[in-house]
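Build me a model:
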Amino acid sequence: MSRDMWDPEIYGRYADERSRPFFDLVARIAAEHPRQVVDVGCGSGELTAELARRWPDADVHGFDSSPAMIGKAPAGDRLSFSVGDVTRWRPERPVDVIVSNAVLQWVPEHRELLARWIDALAPGGWLAFQVPGNFDAPSHALVRELCRTKWRDRLADLAGRSPVDDPAGYLDRLTALGCRVDAWETTYLHVLAGEDAVLRWVTGTALRPMLDRLDPEEADVFLADCAALLGEAYPRRPYGTIFPFRRIFVVAQK
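Model prediction:
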C-alpha cells in the first residue's frame with residue numbers, strides 16, 4: 001500500500017474484545033520451554049509482550065508492516081520488534097513457536113506461506129493463527145454491496161469475497177504438510193458501547209482499504225453511508241449493540 005493506513009488509536013478501540021481471541025489461541029499452544037518465539041504481524045506489540053510473559057525463557061520477536069504500529073510497541077526483556085513484510089519473512093534460525101493474530105486475512109497468498117512457515121519451525125515446533133471468519137456477516141456483506149453500487153467507480157475492486165478458509169480447509173492443508181492440527185471456530189457476542197458502535201469497529205479493520213483510497217470529503221460521505229446500513233443491521237439496545245463475531249483458529253505442531 002502506498003502509505004501506512006493503520007492508525008493505532010483507531011485500531012486500539014475495543015482492545016479487550018480484540019485481544020480475547022489471542023488469549024484463546026495461545027492457550028491451546030502446548031509448547032513448554034520454547035527458546036525462539038515470533039509474532040507475525042504483531043501490531044502495536046502489547047499482545048507480543050504477553051508471549052514473553054507466557055514463556056519466560058523465550059526470546060520473543062514481533063514484526064509488522066506498519067511503522068506506526070511498531071512505533072507503539074513496548075520495551076521489555078527478551079522482547080524485540082521490527083518493521084517487516086509478512087510475505088518476505090524468513091527467520092535466521094529455526095523457530096519454536098510462530099503466532100499470527102488476525103493478520104492472514106490481509107495476505108492473499110497466505111495459504112502458500114503456511115508451508116514456508118512450517119519449514120521454519122524447529123522439530124516439534126508450533127504454528128498458531130487466528131483470522132476473522134465473519135466475511136459473510138452484515139458488517140462485511142453490506143459494505144461489499146455498497147462498494148459495488150454507489151461507490152463502484154472508486155471501490156468495486158475492493159469488494160471481494162472471503163479471503164480465508166474455513167477450519168476444515170486449514171486442517172486439511174496443514175495435515176498434508178505432516179502436522180498434527182487442532183482447528184476450530186468460535187462466535188463471540190461482543191456488546192459494543194456508544195453510537196455507531198459497529199461502524200467504529202470496522203473503521204479500524206475492514207474499512208481501512210476503502211478509507212485509504214478516498215480523500216477526506218469522500219471518506220466522510222462513505223462512512224455516513226456505512227453508518228446508515230450498519231445501524232439498521234445492528235440496532236443499538238439499552239445496554240449496547242450486539243456484534244456477533246466469528247473467528248477461525250488453527251494450532252499446528254510440526
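
By residue count, tell me the biggest helix in the protein.
Taking DSSP state H as the criterion, the chain has its longest helix at helix 216-233.

next SSE after that helix?
Toward the C-terminus, helix 216-233 is succeeded by strand 241-253 as the next helix or strand (DSSP states H and E).

Which strands and helices lie in contact with that following strand?
helix 15-26, strand 121-132, helix 167-175, strand 180-192, helix 197-203 (3 or more Cβ pairs under 8 Å, 6 or more residues apart in numbering; DSSP states H and E). Backbone N, C-alpha and C define where each C-beta goes, glycine included.

between those, which one is nearest to Arg237?
Closest to Arg237 of the helices and strands packed on strand 241-253 is strand 180-192 (Cβ to Cβ; 8.5 Å).

taking the mean pLDDT, what do you get for the closest one?
On average, the pLDDT along strand 180-192 is 97.

With stretch 65-79 instead?
On average, stretch 65-79 scores 92.

ok, and what's touching the longest helix of the chain?
Applying Cβ atoms under 8 Å, 6 or more residues apart in numbering, the contact partners of helix 216-233 are 138-139, 142-143, 146, 150-151, 154-155, 196, 198-199, 202-203, 207, 210-211, 214.

hmm, try it at 6 Å
Pro138, Leu142, Leu146, Asp196, Val198, Leu199, Leu211, Leu214 (Cβ atoms under 6 Å, 6 or more residues apart in numbering).

how about these in CSV, adding pLDDT?
Converted to CSV, these look like this (pLDDT from 0 to 100):
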residue, pLDDT
Pro138, 96
Leu142, 96
Leu146, 96
Asp196, 95
Val198, 95
Leu199, 95
Leu211, 93
Leu214, 95
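
Pick the one among those closest to Lys72.
Looking across the contacts of helix 216-233 and measuring by Cβ to Cβ, the closest to Lys72 is Leu211, at 19.7 Å.

Could I get the buried residue list for the host helix or strand of the closest one?
Per DSSP H and E: Leu211 is located in helix 208-213. Of all the residues in helix 208-213, those buried under the rule 16 or more other Cβ atoms under 10 Å are Arg208, Pro209, Met210, Leu211, Arg213.

Dump the residues you listed into a markdown table; add distance to Gly45 as well.
Compiled in a markdown table, those are given as follows (distance: Cβ to Cβ, whole Å):
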| residue | distance to Gly45 |
| --- | --- |
| Arg208 | 19 |
| Pro209 | 23 |
| Met210 | 26 |
| Leu211 | 23 |
| Arg213 | 27 |
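
Of the residues you listed, which pair is most distant in space?
Arg208 and Arg213 (9.9 Å).

Pull out the buried positions in stretch 236-243.
Buried-residue list, stretch 236-243, by 16+ other Cβ under 10 Å: Arg236, Thr241, Phe243.

what residues does it touch?
If you take Cβ under 6 Å, 6+ apart as the criterion, stretch 236-243 is touched by Leu189, His190, Val191, Leu192, Ala193, Ala197, Val198, Tyr234.

tell me which of the buried residues of stretch 236-243 is nearest to Cys42?
Looking across the buried residues of stretch 236-243 and measuring by Cβ to Cβ, the closest to Cys42 is Phe243, at 24.5 Å.

For beta bridges, what are the partners of the closest one?
Here Phe243 sits in beta bridges with His190, as judged by DSSP bridges.

any weak-confidence spans in this protein?
Residue ranges of the chain with pLDDT under 70: 1-15.

change it to 50
1-6 (pLDDT under 50).

Closest to the centroid, which residue in it?
Centroid check for the chain by Cα atoms, centre = their mean gives Ala102 as the closest residue, at 1.6 Å.
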